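**Student:** no sequence on hand, only this structure:
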């Protein structure tokens with residue numbers, strides 16, 4: 001066979017291999033985490049937050065998913081809603097985990113606005129053919145019993161209305177643990193490295209049911 005033909009065959013073979021690899025990469029479903037500092041590893045060593053631990057667990061269970069952590073410290077539901085359309089278009093996620101709302105409460109934003117933003121994010125995700133997991137939050141007792149109850153109930157109400165999965169309290173066994181003071185950083189707001197495996201365990205049962 002002529003050398004020119006060998007080169008042509010090699011080039012064609014290389015192009016086919018590259019094309020195949022691109023298609024396989026595109027076929028890997030994405031899991032998008034849209035959150036705030038609780039998911040953005042605030043104050044933690046890189047790779048020690050619950051989202052990084054989730055990537056490790058998925059790999060251990062041989063689940064082929066690309067985890068996209070789009071969390072930003074200080075973000076609110078309004079900020080998440082503004083960013084979500086671009087993220088959906090960019091990553092076409094199969095699953096969207098929404099971990100937002102705590103900063104709304106810290107800033108004293110109206111609860112109905114928080115609920116409406118959560119609804120809108122769920123609807124946008126579902127319209128984009130993604131399954132949604134909503135991570136519920138609670139506020140400390142000093143906010144008042146009525147406010148705390150209404151705030152926590154908002155996540156459950158949105159999940160029920162939109163027929164989406166829910167983790168009732170993302171910080172369960174951390175914020176309400178007997179040794180809670182040991183599981184938070186000095187600011188008493190952000191969990192320590194030791195708390196993040198607990199956060200993953202809170203998320204995992206509900207998330208596992210959504211995995212492809």
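**Tutor:** On my side now, so go ahead. Small disclaimer: the values here were computed from a predicted structure and weren't measured.
**Student:** doesn't residue 138 make contact with residue 167?
**Tutor:** No - using CB atoms under 8 Å, residue 167 is not in contact with residue 138; the gap is 11.6 Å. No exception for glycine: its C-beta is placed from N, CA and C like everyone else's.
**Student:** center of this protein - which residue?
**Tutor:** Nearest residue to the geometric centre of the chain (CA atoms, centre = their mean): residue 33, 2.2 Å.
**Student:** for that one, give its distance to residue 93.
**Tutor:** Distance of residue 33 to residue 93, computed by CB to CB, to the nearest Å: 9 Å.
**Student:** what's the overlap in contacts for these two?
**Tutor:** Counting by CB atoms under 8 Å, 6 or more residues apart in numbering, the contacts common to residue 33 and residue 93 are residue 68.
**Student:** burial count for residue 109?
**Tutor:** With neighbours defined by other CB atoms under 10 Å, the count for residue 109 comes to 16.
**Student:** likewise the one 4 residues further on?
**Tutor:** Using other CB under 10 Å as the criterion, residue 113 is surrounded by 13 other residues.
**Student:** the strands in this protein, which residues?
**Tutor:** 30-35, 66-69, 95-99, 131-135, 165-167 (DSSP state E).
**Student:** quick one: which of those is nearest residue 55?
**Tutor:** strand 66-69 (4.8 Å; CB to CB).
**Student:** contact partners for residue 114?
**Tutor:** Contacts of residue 114 (CB under 8 Å, 6+ apart): 77, 101, 104, 105, 151, 154.
**Student:** contacts only, for the closest residue to it other than its chain neighbours.
**Tutor:** The shortest distance from residue 114 to any non-neighbouring residue, by CB to CB, 6 or more residues apart in numbering, is to residue 104 (4.4 Å). Contacts for residue 104 (CB under 8 Å, 6+ apart) come out as 76, 77, 78, 111, 113, 114, 117.
**Student:** distance check, residue 104 against residue 113.
**Tutor:** Residue 104 is 7 Å from residue 113, by CB to CB.
**Student:** common neighbours of the two, please.
**Tutor:** 77, 78.
**Student:** quick check on the contacts of residue 104: which are buried?
**Tutor:** Buried subset of the contacts of residue 104 (neighbour count, 16 or more other CB atoms under 10 Å): 76, 77, 78, 111, 114, 117.
**Student:** pretty sure the last one contacts residue 78?
**Tutor:** Yes - using CB under 8 Å, residue 117 is in contact with residue 78, at 5.7 Å.
**Student:** quick check: residue 31 vs residue 53, distance?
**Tutor:** 13 Å.
**Student:** actually residue 65, sorry about that
**Tutor:** For residue 65 relative to residue 53 (CB to CB), the value is 14 Å.
**Student:** one step back: what about the contacts of residue 104, which are in helices?
**Tutor:** 77, 78, 111, 113, 114, 117 (DSSP state H).
**Student:** pLDDT added to those residues, as JSON lines?
**Tutor:** Formatted as JSON lines, those follow (pLDDT from 0 to 100):
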{"residue": "77", "pLDDT": "98"}
{"residue": "78", "pLDDT": "98"}
{"residue": "111", "pLDDT": "92"}
{"residue": "113", "pLDDT": "96"}
{"residue": "114", "pLDDT": "96"}
{"residue": "117", "pLDDT": "98"}
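**Student:** helices of the chain, start to end?
**Tutor:** 3-27, 50-60, 77-91, 102-106, 111-127, 145-162, 196-208.
**Student:** thank you, goodbye.
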